[in-house]
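Colleague: below are the sequence and a predicted model for it; my questions follow.
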Amino acid sequence: MAINIQVPTADYAIASAPDSLSTVGIGSCIVICLYAPTSKMGALLHCMLPREENDLSNSLRNVDTAVNQVVEQFLAKNIQRTDLIAKIAGGAQMFSGTEDNGTSIGKRNIEETKRLLTTLKIPIMGEEIGGTRARSLIFELETGKVTITVAQLNSEQSFDTELTKIL
């Protein structure tokens with residue numbers, strides 16, 4: 001029986017088909033879905049910050065340390081980096097008036113994620129990044145499909161409609 005594993009912010013989970021992984025509240029955070037299609041095993045990482053930079057409180061908060069930890073977990077399961085593909089979501093600029101010159105947390109999260117995955121030679125096969133709206137997503141490990149729901153404002157400025165994108 002398939003289960004859905006909910007991944008909180010600053011954490012990750014690894015599972016295999018037929019299970020799925022999901023997370024909510026993706027604003028400036030970045031979510032990285034790593035998938036090994038042959039084994040139908042995947043990981044979902046929900047990171048808050050781009051780099052550790054001497055923050056030892058929780059290494060899973062940071063893209064650089066979290067991705068490296070998860071790749072090590074895959075290697076321990078005999079899944080090589082060359083077996084992995086990635087899909088990413090998030091990196092929004094959630095607050096008006098914040099800098100939009102590349103220094104916002106969302107943009108830095110996107111840049112670090114792309115830099116690190118390129119360095120590790122893990123191809124990014126889909127992305128839903130940037131913008132100004134919150135997201136949630138479900139990562140189906142049977143198929144590798146990532147369904148992203150983006151909150152949309154209605155005419156009364158409340159979040160009661162949604163836009164769905166599939167990667």
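Modeller: On my side now, so go ahead. Residues are numbered from 1 along each chain as shown.

Colleague: use CA for all of it now, contacts and neighbours both
Modeller: Will do.

Colleague: now stretch 60-74: how far from the chain's centre is it?
Modeller: 12 Å (CA atoms, centre = their mean, to the nearest Å).

Colleague: in a strand, residue 24, correct?
Modeller: Yes: counting by DSSP: H, G, I helix; E, B strand; the rest coil, residue 24 falls inside a strand.

Colleague: who are the contact partners of it?
Modeller: Going by CA atoms under 8 Å, 6 or more residues apart in numbering, residue 24 touches 8, 135, 136, 137.

Colleague: with residue 9 instead?
Modeller: Neighbours of residue 9 in contact, by CA under 8 Å, 6+ apart: 23, 25, 46, 47, 48, 61.

Colleague: most neighbours, which of these?
Modeller: Neighbour counts for those (other CA atoms under 10 Å) peak at residue 47, which has 31 neighbours.

Colleague: what's opposite that one in the beta bridge?
Modeller: Bridge pairing for residue 47 (DSSP bridges) gives the partners residue 30.

Colleague: ok, it - contacts?
Modeller: Counting by CA under 8 Å, 6+ apart, residue 47 touches 9, 10, 11, 29, 30, 31, 60, 61, 62, 63, 66.

Colleague: any idea how far the most centrally placed residue in the chain lies from residue 23?
Modeller: Central residue of the chain (CA atoms, centre = their mean): residue 31, 1.3 Å from the mean position. Separation of residue 31 from residue 23 (CA to CA, to the nearest Å): 8 Å.

Colleague: what do those two both touch?
Modeller: Jointly contacting residue 31 and residue 23 under the rule CA under 8 Å, 6+ apart are residue 46.

Colleague: so how far is whichever helix or strand residue 69 is part of off the chain centroid?
Modeller: Here residue 69 sits within helix 63-76, counting by DSSP states H and E. Distance, stretch centre to chain centre, for helix 63-76: 13 Å (CA atoms, centre = their mean).
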